[in-house]
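S.K.: Below is the structure, and that's it, no one-letter string:
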């Protein structure tokens, strides 16, 4: 009888430990990025299949014709997109951004009424990999 109670106790502890571990693993999935990483300027680095790679503006990237698209995200929900326009002149577009943490999607709402959205595939403090969803 004592061995059965001990075995049940050990089994219970084991199951609780497994449950805690699986909870910790779930927290590491891609939608667990800290929102504070957005509050900076991101510059386009490269296109990799269907994904785009952006780096922190402090990363020294080689010059490219037409310049690099940049996104600047502010804490208050405002953003600015700097992209190449006609004759390689920069075009600055402003609006608001929203982060849906449950699916790692960022939606950009421009002042002209247009929207863009992308899913964050990877994020570090100085590197962000996105999958464009709507342009």
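M.R.: Cool, got the structure. As the structure is a computational prediction, the values presented were derived from the model and not from experiment.
S.K.: Where does the record place the domain boundaries for this structure?
M.R.: Taking automatic domain parsing as the reference, the chain has its domains at 1-32, 33-134.
S.K.: Centroid-nearest residue for the chain?
M.R.: Nearest to the geometric centre of the chain sits residue 120, at 3.6 Å (C-alpha atoms, centre = their mean).
S.K.: Identify the bridge partners of that one.
M.R.: Beta-bridge pairing for residue 120 (DSSP bridges): residue 130.
S.K.: Give me the pLDDT for it.
M.R.: Listed pLDDT for residue 120 reads 94.
S.K.: ranking the domains of the chain by burial, who's on top?
M.R.: Among the domains of the chain, the stretch with the highest mean neighbour count (mean count of other C-beta atoms under 10 Å) is domain 33-134, at a mean of 14. Where C-beta positions appear, they are placed from N, C-alpha and C, glycine not excepted.
S.K.: For residue 69, list the residues it contacts.
M.R.: Shown in contact with residue 69 (C-beta atoms under 8 Å, 6 or more residues apart in numbering): 43, 44, 81, 82, 83, 84.
S.K.: As a markdown table, these with secondary structure and pLDDT would be great.
M.R.: Below are those laid out as a markdown table (DSSP: H, G, I helix; E, B strand; the rest coil; pLDDT from 0 to 100):
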| residue | secondary structure | pLDDT |
| --- | --- | --- |
| 43 | strand | 96 |
| 44 | strand | 94 |
| 81 | strand | 97 |
| 82 | strand | 96 |
| 83 | strand | 93 |
| 84 | strand | 88 |
